[in-house]
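Sequence below, structure please.
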Amino acid sequence: MADVDTEVPPLPPRYRFRDLLLGDQTFQNDDRVQVEFYVNENTFKERLKLFFIKNQRSSLRIRLFNFALKILTCALYILRVSLDNPTENNTIQTSVICQVHSSPSPSVLQVTVALISFLETMLITYLSYKGNIWEQIFQISFILEMINTVPFIITIFWAPLRNIFVPVFLNCWLAKGALENMINDFHRAIQRTHSAMFNQVFILICTLLCLVFTGACGIQHLERAGKNLSLFDSFYFCIVTFSTVGYGDVTPQIWPSQLLVVILICVALVVLPLQFEELAYLWMESQKLGGNYSRHRAQTEKHVVLCVSSLKIDLLMDFLNEFYAHPRLQDYYVVILCPTEIDIQVRRILQIPLWSQRVIYLQGSALKDQDLMRAKMDDAEACFILSSRNEVDRTAADHQTILRAWAAKDFAPNCPLYVQILKPENKFHVKFADHVVCEEEFKYAMLALNCVCPATSTLVTLLVHTSRGQEGQTSPEQWQRTYGRCSGNEVYHIHLADSKFFGEYDGKSFTYASFHAHKKYGVCLIGVKREDNKSILLNPGPRHIMAATDTCYYINITKEENSAFIFKQEEKHGKGLPVTGLYDAPSRLPVHSIIASMGTVAIDLQHPDPPEESGKLTLPTENGAGSRRPSIAPVLEIADSSAILPCDLLSDQSEDETNQSDEEGSVGFVKGYPPNSPYIGSSPTLCHLLPQKAPFCCLRLDKGCTHNSFEDAKAYGFKNKLIIVSAEMAGNGLYNFIVPLRAYYRPRKELNPIVLLLDYPPDNHFLEAICCFPMVYFMPGTIDNLDNLLQCGIIYADNLVVVDKESTMSAEEDYMADAKTIVNVQTMFRLFPSLSIITELTHPSNMRFMQFRAKDCYSLALSKLEKIERDKGSNLAFMFRLPFAAGRVFSISMLDTLLYQSFVKDYMIAITRLLLGLDTTPGSGYLCVMKITEEDLWIRTYGRLFQKFCSSSAEIPIGIYRTESHMFSTSEASKSQVSINAGHGEEHQGRAGSWKEKTAHRNSTTSDQSEHPLLRKKSMQWARRLSRKNAKPASRAERISQQRLNLYRRSERQELSELVKNRMKHLGLPTVGYDEMNDHQNTLSYVLINPPPDTMLEINDIVYIIRSDPLAHMPEDSQMGQAARNTKNQQDFGAQSRNETHL
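Numbers count the residues shown, from 1 in each chain. Just a heads-up that it's a prediction; the model follows:
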């Protein structure tokens, strides 16, 4: 080792410690090559080009200097003309035209300017040279420069030419070109875009000035050889000539000047039309683009921006009517930013004086900062970004909406965003927006609630539309007046401390405040929000104590700030107690009735205990007082736990546990959170779930598997009616249809089986999301196939939901997108008249075709009423259509107003989501219904019903769904007949009817007979018996002829019935369940939102109530015990499911 160490050579002296740290710099410097870039710009020519042409600021200075030189030469020419004093001549003298007398001083200055201009022109020509010298020489600007500069330069060397005439006034055209280039460089230097319209107008003005100046100077100079006109007279002549007035008082006298006039007129006839054509074209294009929204207006006025991919007239009018319905928005401007050219109908609407001063249309893209700057997005109060729901590919439409939202947020981060998205899986991309409305979420949740809470879609639509409640007030129909008056109710908010309605209930329970506010003022308090809590609570229950800092949400005709309070003393019959009257709005709005008299609300203080059941308003028991009036317990100021009934949910749990042990083969349900959400952003909802996930094969209704052999709905033996949903594909929005129908507050015994009838089979991702829900099945098929409808159990269904299909959006005519859906629904309406069909349409105007009857006089009368209301400017002209009023049809576009209202009412989206069950906030109630039976009519009025709910189960009623019998006069009824081929058994049954019934039926109208098949059949049997008493035996030919006649007389109803039964027999299905009941053409249904307290209740009324959250008031030991039992039942869900909260 020592030898090896000695063989290592020592380091050279230059390798010191510093060299070891820094490295071998000498070696690195030896191999380094220095490279210089852009060496071509270091030449003298390139530097001059950079200074005179390329550099924006220096070239702007050069052009400004050149412009000043040209103006100076024109000014010197005018000075020379003013100093010249030629003599008048009767003959043309050429010497006078070719030579002029000029003073020495102006001549020297003129020569100096000409020399500078010549040198500059030659330098610019040299720098702009690109290989073709002739192209540079024959430019008009270069020729003019040579004409106006070279003669002056020659006079420096040749004195005799110093008096020669040079047309220096032609420099005005060079000044015009220099000014145009200077303005372009100026805008380029300050990074400011200017309008092409402004540029063209400027060019036109300059052209006119140059023509007039050239003509005036030329005519004045030529007339020196004749009449000797002054420069002003020549200018006057040119103005009169070019304006086509032609007074004739000043005219050129010699032929050279006359020839010049001819040349100028020819030039003007060529140049000016081209300029005007270009100006007109730019004006038309600017009208399409919409111009700009000025910065000054944006800073002094308030405006909002509406971003859409395509603007239709319906969308525009819905937005404008709803936006400007609020008084404080009357001074706002609406700037529409749309990438497409403005539609002709939209243009006509925007030309109406009502909108022309407040709505500005800009053609541009929200993805371009330049267009966002034109719309002054950074100064806008809000930006509404709407999706194009008419697109075939809704996912692509959502992607465009997302990019627009991102672009708006990037350009104006402080501008509030109101975004409409179509598919729920894309919602999380725009979560940053201030308000987001997902169309499919709301659509499917509303369709689901329509199945268990009739006409929820109508209820929500009326709540989110701005109306004064004046629709239908001139109608002779009472139901239309009541329905129209109650449709004016909306949701408002106010702080408790500032409220006259609720201020006196500080420190009282929520239920007490809601009842007494409705009793005293006719307003319905539905929710509240604490100051320290951002969540809105619908009906938090009697245990919520109102505080002065609470925000109250209530339903009323108008907000409290627009109400006037008139207090007057009234003596009650039999009481003599002073009470306060109801407010009367200054605008003469329809008001609710005066408070219910104390005589109609008899309070039994001796027996305040409520009945044991909360789901039924039964007659209270009394101590042997058979003649005593039924009583309602008072609403307590502070909640008493013993006085509040346990809700249906808790009683249903005990029933589930007992029934599960009694019934053989029954599968128990558990309550928990669904383990698999189909998209990001879905709100967790406590639901009824299966203890174990159902295999995918068991989810298909029409095919058996190893677990069961059922192949149709009849084989399953469902106890409740089916709910069938017809959709094109299993989108994630269908998840929001299932969740409200399987929510934990729905009693297990009332759960309806759900069958999804899909055009395309669902994928495994969707099946994974729904396999945990009980009684949810799917089946491939379409609604235009009768076999598919029968297999999925339509004769056992209570509701059929038809969802508008995306593939129909590709119709050439927009309004034809609903054609297939409408015709298919009409077919099912004729085949299954007793079925409740709930349809979603794209366009609200197509609702008039639902359940269409061409000769129905009442439908024609409603059509006229709709036109009258539309002419009056109503936003709810379609509300009187019977299918919409009954909740059988709705369009999701009617919920666009929900997004528009959020600009003024930022709580509307949250309240609507709570009502529809899309969000579940702890402590917040939910929407449900209760039907008024004959046993409940003792309550008599809606005000007493309000007290009954508040005192017994702490529920808040918000409206009534009423169904009335109505006789429709139709000419089709007389054509509806029944076949007379009846057996002897039917005749025997007909004899059993009483003569009173026969007489009553005989005296009934033909319409009644067509509406009631049973009565019609008895009437025909009775008529046959009368005819057979005196009839002689008919021959065989007569019998055949009669049978043939009977076949022709068969009603359409019978033909359709036979068609359905034949198909059922072909599929092996029993025909016993086919319902041949009438189609309820003699009934109409409508929604009354917050009716007056004295509204009389009617049998079969369905009351909308907001029931308080049962989980918020459960004892802790009950929650823990139930949670332990449910957790034990749910251990089979697997490790992938989330931790669930159980009752």
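
for this protein, longest strand please?
strand 956-965 (DSSP state E).

and that strand, average pLDDT?
The average pLDDT for strand 956-965 rounds to 92.

before we move on, what about stretch 814-827?
Mean per-residue pLDDT for stretch 814-827: 82.

Can you mark which positions in it are buried?
The neighbour-count check on stretch 814-827 (16 or more other C-beta atoms under 10 Å) flags 817-818, 820-822, 824-826 as buried. All C-beta spots, glycine's among them, are computed from the backbone N, C-alpha and C.

ok, residues contacting it?
The contact list for stretch 814-827 (C-beta atoms under 8 Å, 6 or more residues apart in numbering) reads 312, 390, 783-784, 802, 804-805, 808-809, 811, 837, 839, 841-843, 845-846, 849-852.

From the residues you listed, keep the buried residues only.
The buried subset of these - by 16+ other C-beta under 10 Å - is 312, 390, 783, 802, 804-805, 808-809, 811, 837, 839, 841-843, 846, 849-851.

From the contacts of stretch 814-827, which land in helices?
Taking DSSP state H, every one of the contacts of stretch 814-827 sits outside helices.

Verify the contact between L83 and S103 for me.
Yes - using C-beta atoms under 8 Å, L83 is in contact with S103, at 6.0 Å.

quick one: the strands in the stretch 301-450 of the chain?
Using DSSP state E, counting those that start in this stretch, the strands of the stretch 301-450 of the chain run over residues 303-307, 333-338, 359-363, 382-385, 417-421, 435-438.

right, and the ones you listed - which one's nearest S683?
strand 435-438 (11.2 Å; C-beta to C-beta).

does S128 really touch Q136, like I thought?
Yes - between S128 and Q136 there is a contact under C-beta under 8 Å: 6.8 Å.

Following element in sequence after the helix or strand harbouring L69, please.
Taking DSSP states H and E as the criterion, L69 maps to helix 56-83. Per DSSP H and E, the first helix or strand lying C-terminal to helix 56-83 is helix 94-98.

Tell me who's in contact with S924.
So S924 contacts 527, 535-540, 914, 1109 (C-beta under 8 Å, 6+ apart).

Can I get the buried part of those as one ChimeraX selection?
Command for ChimeraX that selects the buried part of the contacts of S924, burial taken from 16+ other C-beta under 10 Å:
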select :527,536,537,538,539,540,914,1109
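
which residue is nearest the centroid of this protein?
By C-alpha atoms, centre = their mean, the chain has its centre lying nearest to D896, at 3.0 Å.

Which residue is the nearest non-sequential neighbour of C217?
Nearest non-adjacent residue to C217, counting by C-beta to C-beta, 6 or more residues apart in numbering: F169, 3.8 Å away.

can I assume the one you found sits in a helix?
Yes - counting by DSSP: H, G, I helix; E, B strand; the rest coil, one finds F169 located in a helix.

tell me the pLDDT at it?
Residue-level pLDDT assigned to F169 equals 88.

which residues does Q200 contact?
Q200 makes contact with 275, 278-279, 282 under the criterion C-beta under 8 Å, 6+ apart.

Lowest-confidence entry in the residues you listed?
Among the contacts of Q200, L282 has the lowest pLDDT, at 75.

So that one sits against M197, correct?
Yes - counting by C-beta under 8 Å, L282 touches M197, with 5.0 Å between them.

what touches both of the two?
Contacts common to L282 and M197, judged by C-beta under 8 Å, 6+ apart, are absent.

Look up how far R870 lies from the residue nearest to the centre of the chain.
Going from D896 to R870 by C-beta to C-beta, to the nearest Å gives 18 Å.

Kindly report the same for N788.
39 Å.

Tell me which of the two has more neighbours.
The residue with more neighbours, out of N788 and R870, is N788; 17 against 13, by other C-beta atoms under 10 Å.

Contacts only, for that one.
757, 779, 781-782.

Please apply the same query to R358.
R358 neighbours (C-beta under 8 Å, 6+ apart): 324, 332-334.

got a list of contacts for stretch 858-869?
Counting by C-beta under 8 Å, 6+ apart, 471-472, 474-475, 480, 848, 852-853, 876-878, 880-882, 966, 968-970 sit against stretch 858-869.

same deal with stretch 428-437?
401-402, 405, 409, 416-421, 427, 679-681, 895, 898-899, 902, 906, 909.

Also stretch 404-418?
305, 307, 366-367, 369, 372, 377-378, 380-385, 419, 429-430, 432-435, 899-900, 902-903.

And whichever helix or strand L756 is part of, what does it pack against?
Per DSSP H and E, L756 falls inside strand 754-758. The helices and strands touching strand 754-758, judged by 3 or more C-beta pairs under 8 Å, 6 or more residues apart in numbering; DSSP states H and E, are strand 722-727, helix 735-741, strand 776-780.

Dump those to JSON lines, plus mean neighbour count.
What follows is the helices and strands packed on strand 754-758, written out as JSON lines (neighbours: other C-beta atoms under 10 Å):
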{"stretch": "strand 722-727", "mean neighbour count": "26"}
{"stretch": "helix 735-741", "mean neighbour count": "25"}
{"stretch": "strand 776-780", "mean neighbour count": "22"}
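
coming back round to it: which ones among the contacts of S924 map onto helices?
Per DSSP H, those map to helices at L914.

if we take the contacts of S924, which one ends up nearest to C74?
The closest of the contacts of S924, once distances to C74 are taken by C-beta to C-beta, is I536, at 74.8 Å.

Against P747, how distant is that closest one?
Distance from I536 to P747, by C-beta to C-beta: 26 Å.

The residue nearest to the centre of the chain: what's it in contact with?
Contacts of D896 by C-beta under 8 Å, 6+ apart are 315, 318-319, 322, 386, 420.

What is the distance between the helix or strand containing it and the centre of its chain?
Per DSSP H and E, D896 falls inside helix 896-901. Helix 896-901 sits 6 Å away from the centroid of its parent chain (C-alpha atoms, centre = their mean, to the nearest Å).

any idea of the mean pLDDT in it?
89.

Next: stretch 776-784.
Mean predicted lDDT for stretch 776-784 stands at 89.

How about residues contacting that stretch?
699-702, 726, 730, 738, 742, 753-762, 767, 770, 787-789, 791-792, 800, 802, 820, 824-825, 827-828.

Please repeat the previous calculation with a cut-off of 6 Å.
Residues from elsewhere that reach stretch 776-784 (C-beta atoms under 6 Å, 6 or more residues apart in numbering): 699, 701-702, 726, 738, 754-759, 761-762, 770, 788, 792, 824.

again, but for stretch 307-319
With C-beta under 6 Å, 6+ apart, stretch 307-319 has contacts from 337-338, 340, 345-346, 366, 385-386, 388, 400, 404, 896, 900.

Out of these, which end up buried?
Buried among these by 16+ other C-beta under 10 Å: 337-338, 346, 366, 385-386, 388, 400, 404, 896, 900.

which regions of the stretch 651-800 of the chain sit below the pLDDT cut-off?
In the predicted model of the stretch 651-800 of the chain, residues 651-667, 681 satisfy pLDDT under 70.

residue ranges of the strands in it, please?
Under DSSP E, counting those that start in this stretch, the stretch 651-800 of the chain gives strands at 670-672, 687-689, 722-727, 754-758, 776-780, 797-802.

nearest to E490, of the ones you listed?
With C-beta to C-beta as the criterion, E490 lies closest to strand 797-802 of the strands of the stretch 651-800 of the chain, at 27.3 Å.

Parallel or antiparallel, which strands does the closest one pair with?
Strand pairing for strand 797-802, determined by DSSP bridges: strand 722-727 (parallel), strand 836-841 (parallel).

Fine by me, thanks again.
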